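Q: here is a sequence with its predicted model. Questions after.
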Amino acid sequence: MDKIAFISIMHDPNANLLYKLRDALPVIKNIYPHTYVALSNQTSTKINDLL
C-alpha cells in the first residue's frame, strides 16, 4: 500500500499565515495521514507552536 504524505517548506517570519494555517490544518490532517513541514530558521515561533 502506498503511503501518502503532505510535505512542505515554510518561511513566514511575521506569522502572516498563522490563522489560515490554523484553519487548514484539520483538513490537511484528514487528507494526509503524514505531515512534514520544514520551517526556515526565521519562521515565527507562533507557526512552530501551532504545528
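A: Noted; the coordinates are in hand.
Q: just give me the residue closest to the centre of the chain.
A: Centre of the chain computed as the mean C-alpha position; nearest residue by Cα atoms, centre = their mean is Val37, 5.3 Å away.
Q: which helix in this protein has the most residues?
A: Longest helix in the chain by number of residues, with DSSP state H as the criterion: helix 18-31.
Q: that helix packs against which elements?
A: Helix 18-31 makes packing contacts with helix 45-50 when contacts are defined by 3 or more Cβ pairs under 8 Å, 6 or more residues apart in numbering; DSSP states H and E. C-beta: built from backbone N, CA, C; applies to glycine.
Q: the helix it packs on: which residues count as buried?
A: By 16 or more other Cβ atoms under 10 Å, the buried positions in helix 45-50 come out as Ile47.
Q: where does the protein have low pLDDT?
A: Within the chain, the stretches falling below the threshold (pLDDT under 70) are 1-2.
Q: the helix or strand encompassing Phe6 pairs with which strands, parallel or anti?
A: Assigned by DSSP states H and E, Phe6 belongs to strand 5-10. Using DSSP bridges, strand 5-10 pairs in its sheet with strand 34-39 (parallel).
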